[in-house]
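Asker: Sequence and predicted model, in that order:
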Amino acid sequence: MTQYLTEKKWFFIAMIVGAIIMSLPIPEGLTQAGLVVLAMTVVATILFVTEPVPLPTVALLIVVGQVILLGVASDVVAKSLMKDSVLFIMGSLMLAVAVVKQKLDKRIALMIIRVTGTKTTRIALGISTVSGILASFIGEHTVAAMMLPVGITLITLTSDDPKKVRNLAAVLLFSIAYGCSVAGIGTPSGGARNAIMIGYWQEFYNIGIDYLKWMLYSYPMFLIQLPFVTFILILTFKPEVSDLSPAVDKLKAQVAAQGPLKGRDYVSIILFAFVLYGWVTMSSTIGMGIVAVLGAAAFLIAGLVRWEDLNNGVNWGVVLLYAAAISLGVQMKDTGAAAWIAQSFLDMLTPLGADKGMGLWLSVSVLTTGVTNTMSNGAAVAVLGPIVLNLANAAGESPVVIGFITAISSAFAYLTVVGTPACTIVYASGYLKTTDFLNVGWKMALMSTILMLIFASVYWPLIA
């Protein structure tokens with residue numbers, strides 16, 4: 001019993017905090033329903049951060065709470081769970097499993113090196129570029145899982161002793177993680193947070209941001225960040241070797257032993273190209289989610305992946321989690337809780353002169369960066385989205401600009417192991433320490449924030 005209470009202490013603390021909030025006097029400008037939603041959001045946030053129970057459990061509690069505490073009809077709650085953005089997340093995760101199943105990692109490594117040459121700095125830039133381009137379309141967790149063997153292959157072929165190549169390992173592995181992170185902002189399929197923000201824009205303001213328009217806003221920023229990633233990594237971790245020619249020779253021999261690409265490999269590439277084409281050309285008419293689900297069905301029909309692979313490889317709890325988070329976000333808007341929090345935050349910023357323009361943008365970015373380094377970026381946007389969009393309305397700012405700042409800043413989870421799936425995956429390799437993330441992460445966050453503010457003030461007004 002004692003062990004159980006110790007393991008679940010944050011669950012009970014969260015419940016107590018929620019009960020206390022609901023028992024407080026209703027603040028001026030907030031309704032009873034808004035207070036309940038605020039309490040549910042605080043409880044969900046505590047559970048997101050501390051994880052005393054599996055995160056899908058939080059999703060189930062959100063669904064139940066809307067019915068029992070808010071009195072919302074169960075049919076209404078069920079309807080709010082299944083948005084196109086949720087279908088998109090589900091389809092993208094299914095596509096990710098199908099892509100990883102093809103085992104193209106060593107061929108990708110050799111392809112990178114044929115373009116970059118064998119110099120360590122150029123290989124690092126090549127890895128972050130390829131990781132980024134792939135992650136901008138199929139999600140960072142998938143690409144990190146697919147590229148990790150690429151990095152480890154180059155590290156182990158250089159030396160069997162991790163201590164002799166510790167800095168090299170840091171450069172190559174962080175090239176994967178940060179390449180994926182900066183790319184996640186590039187397209188709607190780069191991360192669940194992007195789909196969530198698109199859903200909020202549609203729900204709150206009836207603003208439609210399609211696949212191509214999102215890329216127009218954010219893809220240039222992703223590309224510009226890539227050389228900065230390599231510069232910061234080489235500056236922070238000076239690699240023990242400047243040329244990986246011996247490792248590359250061994251890699252060529254391994255790829256040659258695999259033989260040429262097979263027919264199913266070409267079919268996989270063609271199918272995924274069609275999915276990308278569909279996202280760019282049809283997402284505004286049939287929805288990004290339908291394109292993603294259709295693509296997953298095509299891989300199944302072609303026999304490139306089995307349903308058992310998808311069933312075992314897709315984290316269905318993540319789909320439920322994002323569906324519930326979006327549903328809670330809708331309640332935050334409908335009850336006025338998001339507007340009340342936004343106005344309170346704006347009132348706090350006003351004396352500081354940060355209630356509009358660059359000051360407000362920076363405040364929103366810092367807030368989002370802080371939150372996203374303690375929970376998943378999708379959860380961060382799900383929690384903050386309704387608040388910042390109402391904040392934009394109260395401050396007379398563009399909800400599109402504030403929304404992009406929030407979604408992009410949620411990718412700045414460079415400082416912790418749990419900040420992004422990509423960071424967690426490369427840390428699991430055993431070559432990195434938690435202090436490495438702090439050592440390089442603050443430089444990455446500073447660079448990304450400055451670049452984003454420049455884009456918001458100079459580039460975005462030109463394409464609005």
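Answerer: Yep, that arrived.

Asker: And the helices in the stretch 251-400 of the chain?
Answerer: 263-282, 288-301, 307-313, 316-334, 337-349, 357-372, 377-395, 399-409 (DSSP state H, counting those that start in this stretch).

Asker: Distance from the last one to the middle of the chain?
Answerer: Centre-to-centre, helix 399-409 and its host chain are 14 Å apart (C-alpha atoms, centre = their mean, to the nearest Å).

Asker: Send me it as CSV with only the CA atoms.
Answerer: In CSV, the C-alpha atoms belonging to helix 399-409 read as follows (Å, rounded to 0.1, in the frame of the first residue of the first chain):
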residue,chain,number,x,y,z
PRO,A,399,-4.3,34.8,-34.4
VAL,A,400,-2.3,33.4,-37.3
VAL,A,401,1.0,35.0,-36.1
ILE,A,402,0.4,34.1,-32.4
GLY,A,403,-0.6,30.6,-33.4
PHE,A,404,2.5,30.1,-35.5
ILE,A,405,4.7,31.5,-32.7
THR,A,406,3.2,29.0,-30.3
ALA,A,407,3.4,26.0,-32.6
ILE,A,408,7.0,26.8,-33.7
SER,A,409,8.1,27.6,-30.1
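
Asker: Looking at stretch 198-206 now, give me its mean pLDDT.
Answerer: Averaging pLDDT along stretch 198-206 yields 87.

Asker: Mind listing what's buried along it?
Answerer: Neighbour-count burial for stretch 198-206 flags 198-201, 203-204 (criterion: 16 or more other C-beta atoms under 10 Å). (C-beta placed from N, C-alpha, C; glycine too.)

Asker: May I have that stretch as PDB, with CA atoms only?
Answerer: Output in PDB follows, covering the C-alpha atoms of stretch 198-206 (Å, rounded to 0.1, in the frame of the first residue of the first chain):
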ATOM      1  CA  ILE A 198      -4.700  24.100 -37.400                       C
ATOM      2  CA  GLY A 199      -7.700  22.500 -35.700                       C
ATOM      3  CA  TYR A 200      -7.800  25.400 -33.200                       C
ATOM      4  CA  TRP A 201      -7.600  28.000 -36.000                       C
ATOM      5  CA  GLN A 202     -10.600  26.400 -37.700                       C
ATOM      6  CA  GLU A 203     -12.600  25.900 -34.500                       C
ATOM      7  CA  PHE A 204     -12.000  29.400 -33.000                       C
ATOM      8  CA  TYR A 205     -11.800  31.700 -36.000                       C
ATOM      9  CA  ASN A 206     -12.800  29.600 -39.000                       C
END
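
Asker: can you put the buried residues of stretch 198-206 in a markdown table and add secondary structure and distance to Asp334?
Answerer: Below are those laid out as a markdown table (DSSP: H, G, I helix; E, B strand; the rest coil; distance: C-beta to C-beta, whole Å):
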| residue | secondary structure | distance to Asp334 |
| --- | --- | --- |
| Ile198 | helix | 19 |
| Gly199 | helix | 14 |
| Tyr200 | helix | 13 |
| Trp201 | helix | 16 |
| Glu203 | helix | 10 |
| Phe204 | helix | 10 |
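
Asker: after the helix or strand hosting Met111, next one along is what?
Answerer: Using DSSP states H and E, Met111 falls within helix 105-116. Next in sequence after helix 105-116, counting helices and strands by DSSP H and E, comes helix 120-138.

Asker: Any regions of this structure where pLDDT drops low?
Answerer: For the chain, residues meeting the criterion pLDDT under 70 lie at 100, 103-106, 139, 141-142, 284, 342, 355, 374-376, 418-419, 421.

Asker: Domains in it, by residue range?
Answerer: Residue ranges for the domains of the chain, per automatic domain parsing: 1-76, 82-463.

Asker: which of these sits most buried?
Answerer: domain 82-463 (a mean of 20; mean count of other C-beta atoms under 10 Å).

Asker: What angle do helix 399-409 and the longest helix along the chain make with each other?
Answerer: Longest helix in the chain by number of residues (criterion: DSSP state H): helix 211-236. When axes from the mean of the first three to the mean of the last three C-alpha atoms, to 10 degrees is applied, the directions of helix 211-236 and helix 399-409 differ by 40 degrees.

Asker: angle of helix 211-236 against helix 288-301?
Answerer: 80 degrees.

Asker: now for helix 211-236, which elements pack on it?
Answerer: helix 120-138, helix 166-183, helix 263-282, helix 399-409, helix 434-454, helix 460-463 (3 or more C-beta pairs under 8 Å, 6 or more residues apart in numbering; DSSP states H and E).

Asker: Run the angle between that helix and helix 263-282 for me.
Answerer: 120 degrees.

Asker: chain center to helix 211-236: distance?
Answerer: 15 Å.

Asker: report the angle between the axes of it and helix 434-454?
Answerer: 130 degrees.

Asker: Helix 211-236 to helix 120-138, inter-axis angle?
Answerer: Going by the same axes, to 10 degrees, helix 211-236 makes 150 degrees with helix 120-138.

Asker: returning to what we had before: out of the helices of the stretch 251-400 of the chain, flag the one nearest Gln3.
Answerer: Closest of the helices of the stretch 251-400 of the chain to Gln3 is helix 316-334, at 24.4 Å (criterion: C-beta to C-beta).

Asker: Dump the closest one to CSV, restricted to CA.
Answerer: Output in CSV follows, covering the C-alpha atoms of helix 316-334 (Å, rounded to 0.1, in the frame of the first residue of the first chain):
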residue,chain,number,x,y,z
TRP,A,316,-2.9,4.3,-30.1
GLY,A,317,-2.9,5.9,-26.7
VAL,A,318,-1.2,8.9,-28.3
VAL,A,319,-4.1,9.3,-30.8
LEU,A,320,-6.6,9.2,-27.9
LEU,A,321,-4.5,11.6,-25.9
TYR,A,322,-4.4,14.3,-28.6
ALA,A,323,-8.1,13.8,-29.3
ALA,A,324,-9.0,14.4,-25.7
ALA,A,325,-6.6,17.3,-25.4
ILE,A,326,-8.3,19.0,-28.4
SER,A,327,-11.7,18.3,-27.0
LEU,A,328,-10.7,19.9,-23.7
GLY,A,329,-9.4,22.9,-25.6
VAL,A,330,-12.8,23.3,-27.3
GLN,A,331,-14.4,23.4,-23.8
MET,A,332,-11.8,26.0,-22.7
LYS,A,333,-13.1,28.2,-25.5
ASP,A,334,-16.8,27.5,-25.1
